[in-house]
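Visitor: Everything below, folded, please.
(chains A and B)
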Amino acid sequence: QQKVQQSPESLIVPEGAMTSLNCTFSDSASQYFAWYRQHSGKAPKALMSIFSNGEKEEGRFTIHLNKASLHFSLHIRDSQPSDSALYLCAVNTGNYKYVFGAGTRLKVIA
Amino acid sequence: GGIITQTPKFLIGQEGQKLTLKCQQNFNHDTMYWYRQDSGKGLRLIYYSITENDLQKGDLSEGYDASREKKSSFSLTVTSAQKNEMAVFLCASSIPDNSGNTLYFGEGSRLIVV
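Guide: Residues are numbered from 1 along each chain as shown, chains lettered A, B, ... in the order given. Take a look at the predicted model:
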């Protein structure tokens, strides 16, 4: 059964810093890898996703995937207080079932 | 754009009671999901429905029933509410896209068992 783990559990960074969030998975057959962001009391929203090795950049956000090491990450450049939220990584083996990590709670201090 | 509407936002029930959560989506998506969110444990899949009239068990289906009444609606029933089931229940819908199968979530229903 797929196991997805995130690190760190929580993180406090100053405004303007680079933030790095990590996610490891156990099933080497996994095909889709995504990050979701959930502000307090709100719905989780898809942030970025990737399905092939390498990196993908969208604005201040970059996602890295290394399937061989069963690891992907999210990097936030120039972190802003509005980025403070719970970040959830999710992995899919090509069916309809996404398995989520427990989340990293990020706080960006002005 | 579309929206996922979950009702009620808060559901208070007694131990042993049967309780139902409802979800409506106007994305016209085929697939719908129910996830449970406990603090520190991420999201765990309870039930999902690939198309209307389909029902599939997730990893956490014991103690729950689900019903896909029509394409736009998906209900979840807690068959006998227990205090250790107090959590936020999230409904989502999805459609295959270039990113795999992006999930669109509602804001959640919080279950409180007294």
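
Visitor: What residues are bridge-paired with the residue of chain A found nearest chain B?
Guide: Using CB to the nearest CB, residue A:32 is the residue of chain A that sits closest to chain B, at 3.2 Å. The C-beta positions use only the backbone N, C-alpha and C, and glycine is treated the same way. On the basis of DSSP bridges, residue A:32 takes part in beta bridges with residue A:92.

Visitor: residues touching it, list them.
Guide: By CB atoms under 8 Å, 6 or more residues apart in numbering or on different chains, the contact list for residue A:32 reads A:49-51, A:91-92, A:94, A:98, B:99-101.

Visitor: Find the closest residue to chain A in chain B.
Guide: Closest point on chain B to chain A, by CB to the nearest CB, is residue B:100, at 3.2 Å.

Visitor: pLDDT value on the residue of chain B most remote from its centre, please?
Guide: The centre of chain B is farthest from one residue, residue B:98, which by CA atoms, centre = their mean lies 24.4 Å away. You'll see residue B:98 listed with a pLDDT of 72.

Visitor: near chain A, which residues of chain B?
Guide: By CB under 8 Å from any CB of the partner chain, the residues of chain B that approach chain A are B:4, B:31, B:33, B:35, B:40-45, B:48, B:50, B:56, B:58-59, B:90, B:94, B:99-108.

Visitor: Among those residues, the buried ones, what's the ChimeraX command?
Guide: The ChimeraX selection below is limited to those of the residues of chain B next to chain A classed as buried (16 or more other CB atoms under 10 Å in any protein chain shown):
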select /B:4,31,33,35,42,43,44,45,48,56,58,90,94,100,101,102,103,104,105,106,107,108
